[in-house]
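>>> Need coordinates for the below:
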Amino acid sequence: MQLGFLGGAREVGRSSLLVDTGKEKFILDCGIEVQHGKRPVNLPRNPDGVFITHAHLDHSGFSPAFYSMGYKGKTFATAATFDMAHMLLEDSLKVQLKKRQDPGFSQQDINRMGKKEGILGFREPAEFGSSTVELFSAGHIPGAAAVLVESRKKSILYTGDISFTPTDFMFGADIDRRSPDVIVSEATYSYKDHPDRRKVKERLTSIINQTCSNGGVTLLPAFAVGRTQELLLMLKDINFPIYLDGMGIRATTHTLSYPETFLNQRKLSYAFEKCIKVKRGSARGEIVKEPCVIITTAGMLQGGPAGFYISRIMERRECTLVFTGYQVEGTPGRHLLETGVYENEGVSARPKFSMHFLDLSSHSGRSGLIDFYRRMNPQKIMLVHGDRTEEFAEELKGMGFDAHSPAVGENITV
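Coordinates of the predicted model:
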């Protein structure tokens, strides 16, 4: 069996793994690098199956391109993943065309992919000749899956993005398979553990109360799928107006259609009903005139209404911006965090508002990953989806694991 690392190795973005069993070829994820649109390399034109672990564009964002290349087969995922992914893909396509970029696929390809959906539930094996493919709950966001490929007495477990710790919004991952030959594991936070979410909630509430009591606006850039819904739940009892803007509105509506995929459905419904949805762009200028909380896309400031709000509070010291998610290298969010300078779409300025980063990650931390490897007891570990995978591989070797950090374009026989 051979593994081809087509993207997302020694980097975060454009995740894609080729599993070649010698009889069948499977693609596990086919994403883009969200800031510059980098794509996976060496994609086969006619795999035996394409599997998407979850909807985020760094895992799904290039998947319709297979249909542009003539692929006639199915794309497999959970129902919730398909629903969210189609929404994100259509928006990504519009953004790329607006920027005069070549997306590598069309709306027709997204439609073709929709007609070729292979909807799988967790623990429902799909048979492909000499191979079996099975999805397991990965936590992370609604519908997210880890993928197990078994073929001729070999097994590969690909984690996708994974989280083992339950939150008020999400279940923890549920994978009881032991001793796969290889785990291909995300390693986004291989270098740290995450703080107690209750303390993060207390800190966020304190920041909001202080900001709004001083007449300011608290701006919360958030990923449409996953983070927006958790923030709504977390802030449902805040005594200041909460505005929800951008794609998070549609994403929350879609999320509520799959109550089995997350926790506290009634509380999320209440929080969504209570918040004020921004339905007209012309309303945004009025919103920032009063103390409030604004949850809006994009989580890394590379699109959505966030840029407008930043421009309106740029000179206001009483306002606050709070990041709650990972900022990929090269995004406006990462640049702002590291330099204090906001650079996006021709704007370069040093904001006067306060800025904080609070860790509400939906990825496993270091201890969770190591505990997972010890519990699974694989023969080999391949690390992907991280900026520090080479260092982590060396650390794991010191713990007795056979660990590797492959590069994009590398093929490894297992």
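>>> Off-centre distance for stretch 52-68?
Averaging C-alpha positions (CA atoms, centre = their mean, to the nearest Å) puts stretch 52-68 12 Å from its chain's average.
>>> buried set for it?
Buried positions in stretch 52-68, judged by neighbour count with 16 or more other CB atoms under 10 Å: 52-68. C-beta: built from backbone N, CA, C; applies to glycine.
>>> just stretch 36-51 next, same as before
Neighbour-count burial for stretch 36-51, counted by 16+ other CB under 10 Å, picks out 37-40, 43-44, 47-51.
>>> Equivalent analysis for stretch 130-142, please.
131, 133-142.
>>> Equivalent analysis for stretch 322-341, please.
Neighbour-count burial for stretch 322-341, counted by 16+ other CB under 10 Å, picks out 322-328, 330-337.
>>> Please compute how far it lies from its chain's middle.
16 Å.
>>> Can you report phi and psi for residue 335?
Main-chain torsions, residue 335, degrees, to the nearest 10: phi -60, psi -40.
>>> tell me the pLDDT at it?
pLDDT, residue 335: 96.
>>> so how far is residue 347 from it?
Distance of residue 335 to residue 347, computed by CB to CB, to the nearest Å: 12 Å.
>>> returning to what we had before: please narrow the buried residues of stretch 322-341 to those residing in helices.
Among the buried residues of stretch 322-341, the members falling in helices (DSSP state H) are 332-337.
>>> In this structure residue 413 contacts residue 1, no?
Yes - taking CB atoms under 8 Å as the definition, residue 413 is a contact partner of residue 1 at 7.2 Å.
>>> These two: who's more crowded?
Higher neighbour count among residue 413 and residue 1: residue 1, with 20 against 7, using other CB atoms under 10 Å.
>>> how about that one, what does it touch?
Applying CB atoms under 8 Å, 6 or more residues apart in numbering, we find residue 1 in contact with 19-22, 151-152, 154, 156, 413-414.
>>> how about the helices of the stretch 1-150 of the chain, start to end?
57-60, 65-68, 79-98, 107-115 (DSSP state H, counting those that start in this stretch).
>>> Would you mind giving the buried residues of stretch 130-142 as CSV with pLDDT and distance to residue 238 added?
Below are the buried residues of stretch 130-142 laid out as CSV (pLDDT from 0 to 100; distance: CB to CB, whole Å):
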residue, pLDDT, distance to residue 238
131, 97, 50
133, 98, 43
134, 97, 41
135, 98, 36
136, 98, 35
137, 98, 30
138, 98, 30
139, 98, 26
140, 97, 26
141, 98, 23
142, 98, 23
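>>> will you turn those into CSV that also has distance to residue 301?
As requested, the buried residues of stretch 130-142 are exported to CSV (distance: CB to CB, whole Å):
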residue, distance to residue 301
131, 42
133, 37
134, 37
135, 32
136, 33
137, 31
138, 26
139, 26
140, 22
141, 20
142, 24
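>>> OK, contacts around the closest residue to residue 353 other than its chain neighbours?
Leaving aside its sequence neighbours, residue 353 sits nearest to residue 319 (CB to CB, 6 or more residues apart in numbering; 4.1 Å). Residues near residue 319 by CB under 8 Å, 6+ apart: 211, 216-219, 313, 353-354.
>>> and what of residue 196?
Contacts of residue 196 by CB under 8 Å, 6+ apart: none found.
>>> I'd like the distance between it and residue 368.
Per CB to CB, residue 196 is found 14 Å from residue 368.
>>> Next: residue 29.
21 Å.
>>> Comparing the two, which residue is more hemmed in?
Higher neighbour count among residue 29 and residue 368: residue 29, with 31 against 20, using other CB under 10 Å.
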